[in-house]
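# sequence below, structure please.
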Amino acid sequence: MDRRERAHLAYLHSMPEVGQQSLRLIKDKMGAFEPVFKASSRALYSLGLPNRTVLSILEHRHGNISAYFDELERKEIKICTIEEADYPAMLAEIFDPPYLFYYDGNIDLASRFCLAMVGSRAASYYGKKQAHTLAGQLADQGVVVVSGMARGIDTQAHRGALDAAGDTIAVLGSGLDIIYPAENNELYHTLRKKGLVISDFAPGTPPLAGNFPARNRIISGLSYGVLVVEARRKSGALITVDFALEQGREVFSIPGQLDSKNSEGTNQLLKDGAIFVTEYRDILQEYPQYFTAVKPSFAEQPSLFELDNNEVDVLKCMSHEPIHLDELVAKSTVSMGILSELLMRMELKGIIRCLPGNYYVKV
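Numbering: from 1, shown residues only. This next block holds a predicted model:
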């Protein structure tokens with residue numbers, strides 16, 4: 001597809017009511033997109049497009065196509081259509097794949113072995129830690145981690161892969177030029193530079209709630225499997241699971257605390273037959289044709305320190321959720337003076353982590 005035709009395609013998709021199915025129908029019936037801009041209303045209606053789509057095309061097709069496409073290029077927003085070699089084979093095989101998507105970054109990542117990691121936006125410390133650790137370990141084995149750049153689990157999945165010098169893909173529920181959430185501005189730009197960012201929504205599309213199920217379908221569509229790290233019973237992450245099952249993908253889940261609302265969804269998935277995951281090997285062993293020899297992960301560090309009795313006592317008082325120093329004093333059998341020294345020593349050993357506000361958590 002030459003630049004002129006690509007510009008007409010992009011401008012057409014920017015019009016209200018012109019979605020992926022309309023693009024596919026136009027291409028199938030007319031063979032190209034530029035003729036749409038000169039076709040009569042009778043010809044457009046004869047394509048079988050919805051009335052609202054035809055009316056939108058007739059209203060909006062007289063804009064400055066060249067200027068619009070120049071702006072996309074200035075923003076380094078690229079287009080990949082299903083007819084091109086770079087279009088990911090896994091995505092192409094799902095029901096009704098998007099005719100096009102927009103991207104920036106290394107498009108080759110989408111054709112490698114991808115695994116989706118999803119979960120709660122309001123994630124617990126436990127969930128965030130598991131997401132970051134597992135993403136790093138999987139990325140270290142050559143897995144491309146796919147997620148949605150949302151708060152919580154998604155963010156930690158991307159960061160875990162990047163921190164392991166691995167590869168990761170973000171699929172957005174907005175236009176490629178819209179950063180959501182805004183707090184992930186730095187992550188977004190890092191992903192465009194070191195990974196891949198994808199959206200099947202036209203540039204400028206805001207992150208409307210109705211966009212995210214469609215985004216989730218792309219996340220699972222790119223991936224060989226979906227790992228749910230932490231999710232409430234009615235979490236949006238479970239929509240990704242539904243798509244994964246429809247697409248014939250494996251579903252994995254991490255067990256969570258029995259009394260945690262954030263783990264109700266993941267624990268139910270395990271009851272329903274999701275593959276139980278307590279370490280990254282549990283995932284890789286499901287794909288022996290791709291991972292015949294699993295190397296030791298960068299995150300698997302042998303324990304270099306033995307714990308003394310006081311450290312064991314303190315550790316028993318802690319969990320993967322933050323606990324305040326005052327509560328540790330009340331729960332443990334050591335004095336404040338000794339406890340402060342123990343906590344410092346345990347942090348140096350990498351056993352625990354000190355958080356702002358005198359909170360501590362197991363690592």
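
# what are the boundaries of the strands in this structure?
Remark: strands assigned in the chain by DSSP state E are 78-81, 100-105, 114-119, 144-147, 168-171, 196-199, 225-230, 250-253, 275-276, 323-324, 352-355, 359-362.

# so for the first one, what's the average pLDDT?
Confidence over strand 78-81 (mean pLDDT, whole number) is 98.

# contacts for that strand?
1, 6, 9-10, 72, 86-87, 99-104, 107 (CB atoms under 8 Å, 6 or more residues apart in numbering). For glycine as for every other residue, the C-beta is placed from the backbone atoms N, C-alpha and C.

# which one among those gets closest to N185?
D104 (14.8 Å; CB to CB).

# and the closest residue in space to that closest one that isn't next to it in sequence, how many neighbours does it have?
Distances taken as CB to CB, 6 or more residues apart in numbering place R192 nearest to D104, at 4.7 Å, with adjacent residues excluded. Applying other CB atoms under 10 Å, we find 18 residues neighbouring R192.

# thinking again about what came up before, nearest to A135 among the strands of the chain would be which one?
Across these, closest to A135 is strand 144-147 (CB to CB), at 4.8 Å.

# next one: the closest residue to G136 other than its chain neighbours from K194, what distance?
Distances taken as CB to CB, 6+ apart put A164 closest to G136, at 3.8 Å, once the chain neighbours are dropped. As for A164, its distance to K194 is 12 Å (criterion: CB to CB, to the nearest Å).

# among these two, which residue is more densely surrounded?
Per other CB under 10 Å, whichever of A164 and K194 has more neighbours is A164, with 22 against 15.

# hang on, the more buried one packs against A139?
Yes: with contact defined as CB atoms under 8 Å, A164 counts as touching A139 (4.6 Å).

# the residue nearest the centre of the chain: what's it in contact with?
Note on the chain: the residue nearest the mean C-alpha position is S147, at 0.8 Å, using CA atoms, centre = their mean. Contact partners of S147, counting by CB under 8 Å, 6+ apart, are A116, M117, V118, I153, D154, A157, H158, T168, I169, A170, V171, I219.

# could you give the bridge partners of it?
A170 (DSSP bridges).

# against G265, how distant is it?
16 Å.

# so which of the strands of the chain comes closest to N211?
strand 196-199 (9.2 Å).

# note down every partner strand of that closest one and its orientation.
Paired neighbours of strand 196-199 in the sheet (DSSP bridges): strand 100-105 (antiparallel), strand 168-171 (parallel).

# touching the longest one from outside, list them.
Taking contacts as CB under 8 Å, 6+ apart, the residues outside strand 100-105 that touch it are 9, 13, 20, 23, 76-82, 110, 169, 175-176, 191-203, 218.

# got it, and the last one?
For strand 168-171, the external contacting residues (CB under 8 Å, 6+ apart) are 105, 109-110, 114, 135, 139, 144-149, 154, 157-158, 161-162, 188, 191, 195-199, 215, 218-219, 222.

# repeat that for 6 Å
109, 145-146, 148-149, 158, 161, 191, 195-198, 215, 218-219 (CB atoms under 6 Å, 6 or more residues apart in numbering).

# circling back: and the residue nearest to D104, how far from E76?
For R192 relative to E76 (CB to CB), the value is 8 Å.
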